[in-house]
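Engineer: this one's sequence-less:
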């Protein structure tokens, strides 16, 4: 049995334990557009029993959600016995929102000041991933997305704008990784090996928490 298959078997066992014990687990995936968040979630959940997990997809928040950021995400926290995989999360306020001008400086500062406290206030196990890709790799991924007849719908008008602000996003990303807790940084220039590493890290993290 390969090490990857062993990790899948173990992950299933751990997911069953989370379900039976009533623990709550949030698996947060963040990264630049095109880094591979959605594909990684599909890989991590490939064999999981469907009653043990839920996927929280990326979405465009409403105006009221933007004003009550933590209250909105509070409603999307895992229930007892559930693992939730977040394809982007509340951390968009630490990254794209300030860079793209979607939130105010005050909203950004408030987020950075209290996000660690907010997470600590929950009886939730947080396992967080930053999927790291180079500027050249992001440009290639977005080009592939735009021209792919199966994935074209993932391309948005914001993608090239985000790419043009690569260095600015890097500055916000470095602050986020430094000032907020628990990040696992994975090289995702090779998505296959990156996803294998994510599977390994997730399994070990759940073992420690169990």
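Structural biologist: It's in. Just so it is clear, the model here is predicted, and its values are computed rather than measured. Residues are numbered from 1 along each chain as shown.
Engineer: ok, residue 181 - contacts?
Structural biologist: For residue 181, the contact set (Cβ atoms under 8 Å, 6 or more residues apart in numbering) comprises 116, 119, 126. Bear in mind the C-beta positions are built from the backbone N, C-alpha and C, glycine included.
Engineer: from the residues you listed, list just the buried residues.
Structural biologist: Buried by 16 or more other Cβ atoms under 10 Å: 119, 126, out of those.
Engineer: just the contacts of residue 181 now: which is nearest residue 2?
Structural biologist: Distance to residue 2, by Cβ to Cβ, is smallest for residue 126 among the contacts of residue 181, at 28.8 Å.
Engineer: give the closest residue to the closest one in space, chain neighbours not counted.
Structural biologist: residue 26 (5.1 Å; Cβ to Cβ, 6 or more residues apart in numbering).
Engineer: need the three-state assignment for that neighbour.
Structural biologist: Three-state call for residue 26 (DSSP: H, G, I helix; E, B strand; the rest coil): strand.
Engineer: that one: how many residues sit nearby?
Structural biologist: Using other Cβ atoms under 10 Å, residue 26 has 23 other residues around it.
Engineer: didn't residue 26 look like it was pressed against residue 84?
Structural biologist: Yes. Counting by Cβ atoms under 8 Å, residue 26 touches residue 84, with 5.5 Å between them.
Engineer: the chain: helices as residue ranges?
Structural biologist: 3-21, 37-44, 63-67, 69-74, 96-100, 105-120, 135-147, 158-164, 166-179, 191-209 (DSSP state H).
Engineer: my guess is residue 189 contacts residue 138, does it?
Structural biologist: No. Assessed by Cβ under 8 Å, residue 189 is found out of contact with residue 138, at 9.7 Å.
Engineer: more neighbours, those two?
Structural biologist: It is residue 138, of residue 189 and residue 138, that has more neighbours when counted by other Cβ under 10 Å, with 22 against 17.
Engineer: and that one, what pLDDT?
Structural biologist: Turning to residue 138, the model gives it a pLDDT of 89.
Engineer: how much space between the residue most central in space within the chain and residue 95?
Structural biologist: Nearest to the geometric centre of the chain sits residue 29, at 1.4 Å (Cα atoms, centre = their mean). Relative to residue 95, residue 29 is positioned 13 Å away (Cβ to Cβ, to the nearest Å).
Engineer: go on, residue 82?
Structural biologist: Noted for residue 82: a distance of 26 Å to residue 95, by Cβ to Cβ.
Engineer: what's next to the helix or strand of the chain with the lowest mean pLDDT, contact-wise?
Structural biologist: Using mean pLDDT, DSSP states H and E, helix 158-164 stands out as the lowest-scoring helix or strand of the chain, at a mean of 81. Contact with helix 158-164 is made by 32-34, 96, 99-100, 135, 138-139, 142, 145-146, 169, as judged by Cβ under 8 Å, 6+ apart.
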